[in-house]
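> Generate coordinates for the sequence data below:
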Amino acid sequence: MVESPKKPFEVRKHILERAGRLMGRERLAAGLKVSEDELEDWIDGRKPIPSNKLGPLAELLAQFAEEKRH
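Numbering: from 1, shown residues only. Next up is the predicted model:
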């Protein structure tokens, strides 16, 4: 089992990484309206995900979960 991240930066990075694995990084980047390179910078920890992208990320994950339920 993977240890849960502790710091907010690590939590955001971890969520992005998991979301990318679940829905695909291309779809995730498109949904967040950023380039795949920008998304990779966030996932790899080179840049922090901006706070204004957290709401859209939550919406994308909810939409993805709803699609999987049907």
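> Find the least confident helix or strand in this protein, judged by mean pLDDT.
In the chain, the helix or strand scored least confidently by mean pLDDT, DSSP states H and E is helix 8-23, which has a mean of 91.
> What lies in contact with the helix or strand following it?
Going down the chain from helix 8-23, the next helix or strand is helix 25-32, by DSSP states H and E. Contact with helix 25-32 is made by 16, 19-20, 23, 35-36, 38-40, 43, 53, 56-57, 60, as judged by C-beta atoms under 8 Å, 6 or more residues apart in numbering. Every C-beta, even on glycine, is put in place using the N, C-alpha and C of the backbone.
> Ok, stretch 50-66 next?
12, 15-16, 19, 22-23, 28, 31-34, 49.
> For residue 61, see how far away residue 18 is.
As for residue 18, its distance to residue 61 is 9 Å (criterion: C-beta to C-beta, to the nearest Å).
> More neighbours: the two, which one.
For residue 18 versus residue 61, the count of surrounding residues by other C-beta atoms under 10 Å is larger for residue 61: 17 against 13.
> Residue 15 is in contact with residue 42, correct?
No - using C-beta atoms under 8 Å, residue 42 is not in contact with residue 15, being 10.2 Å away.
> Between those two, point out the one with more neighbours.
More crowded of residue 42 and residue 15, by other C-beta under 10 Å: residue 42, with 22 against 17.
> Give the full set of residues in contact with the nearest residue to that one once chain neighbours are set aside.
Using C-beta to C-beta, 6 or more residues apart in numbering and skipping the chain neighbours, the partner closest in space to residue 42 is residue 49 (4.5 Å). By C-beta under 8 Å, 6+ apart, residue 49 lies in contact with 12-13, 16, 42, 57.
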